[in-house]
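Asks: Give me coordinates for this.
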Amino acid sequence: MVRIDVAYEGGLHTRVTHGPSGSTLETDAPVDNEGRGEAFSPTDLVAAALGSCVLTVMGIVARRRGVGLEGARARVVKHMAAAPLRRIGRLEVDVELPPGLPATEREVLERAAHTCPVKASLHPETEVVLRFSEAPVPAGA
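Replies: Model (predicted):
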């Protein structure tokens, strides 16, 4: 169990506190939904949670297998739907893996990404697309 406290500060702005660590973050409604867009929106946090979950699950599997995953990145693009109600319609996750991963390890890591608990928690009507690529080898390497 994890406790998260959320305080409404007015003006469509909240302050969120993570109970175990005391870390805080702020949310604001997006400009296209009456907000100022000065912080993550609540649905932005869902997109961020998905990207960080995918990389974390892959990191757990990589560590167990003795594979370096440092430098991996994820870019999440969130598409909102308006009907029948405002919600996240599609999340596209582009994962860039470090160069030189053996094909067998890459396959294991890609399968692991699909087991992310955030992905499993999303509504079935929310389309989630995971794509994987390898980062280019740095010049002079």
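Asks: Could you use CA atoms for every contact and neighbour count after this?
Replies: OK.
Asks: Residues in contact with the longest helix belonging to the chain: which ones?
Replies: Identified as the longest helix of the chain according to DSSP state H is helix 42-65. With contact meaning CA atoms under 8 Å, 6 or more residues apart in numbering, helix 42-65 is reached by 27-29, 68-69, 72-78, 88, 91, 93, 109-110, 112-119.
Asks: Can you get me a residue count around C116?
Replies: By other CA atoms under 10 Å, 20 other residues sit near C116.
Asks: List the buried residues in the longest helix of the chain.
Replies: 43-44, 46-55, 57-59, 61-62 (16 or more other CA atoms under 10 Å).
Asks: gap between stretch 48-55 and the chain center?
Replies: Put simply, stretch 48-55 sits 3 Å off its chain's centre (CA atoms, centre = their mean, to the nearest Å).
Asks: ah, wrong one, I meant stretch 121-132
Replies: On CA atoms, centre = their mean, the centre of stretch 121-132 falls 11 Å from that of its chain.
Asks: For that stretch, give the mean pLDDT please.
Replies: Mean per-residue pLDDT for stretch 121-132: 96.
Asks: Next, the distance between the ends of it.
Replies: Stretch 121-132 stretches 21 Å from its first residue to its last (CA to CA, to the nearest Å).
Asks: go on, stretch 20-34?
Replies: 32 Å.
Asks: pLDDT (mean, whole number) over that stretch?
Replies: Stretch 20-34 comes out at a mean pLDDT of 95.
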